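Asks: next input, structure requested:
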Amino acid sequence: MEITIKDEFIKLGQALKLAGVVEDGVEAKYAIQDGLVQVNGEVDLRRGRKVYEGDVITFENQEIKVIR
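Replies: Below is the predicted model:
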């Protein structure tokens, strides 16, 4: 799956919402805090982490590639 961003980066929680893998920001927050989300193969617990073009987010066995 791919998501397209308009700006230089998108925050991790927003990226999960944009991809449609979470319903809202609260669900994104808990998924990230619980260590269920990886960015480029590493668990990241920061909802505000900046994700850039080329980064790959993994959540529930789904890979989300960020493109611009």
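Asks: which parts of the longest strand along the chain are buried?
Replies: Counting residues, the longest strand found in the chain (DSSP state E) is strand 62-67. Neighbour counts over strand 62-67 (16 or more other CB atoms under 10 Å) mark 64, 66 as buried. Every C-beta, even on glycine, is put in place using the N, C-alpha and C of the backbone.
Asks: what are the pairing partners of that strand, and which direction each?
Replies: Using DSSP bridges, the strands paired with strand 62-67 are strand 2-4 (parallel), strand 56-59 (antiparallel).
Asks: tell me how far it lies from the chain's centre.
Replies: Distance, stretch centre to chain centre, for strand 62-67: 8 Å (CA atoms, centre = their mean, to the nearest Å).
Asks: tell me where this protein has helices.
Replies: Taking DSSP state H, the helices of the chain run over residues 12-19, 25-33.
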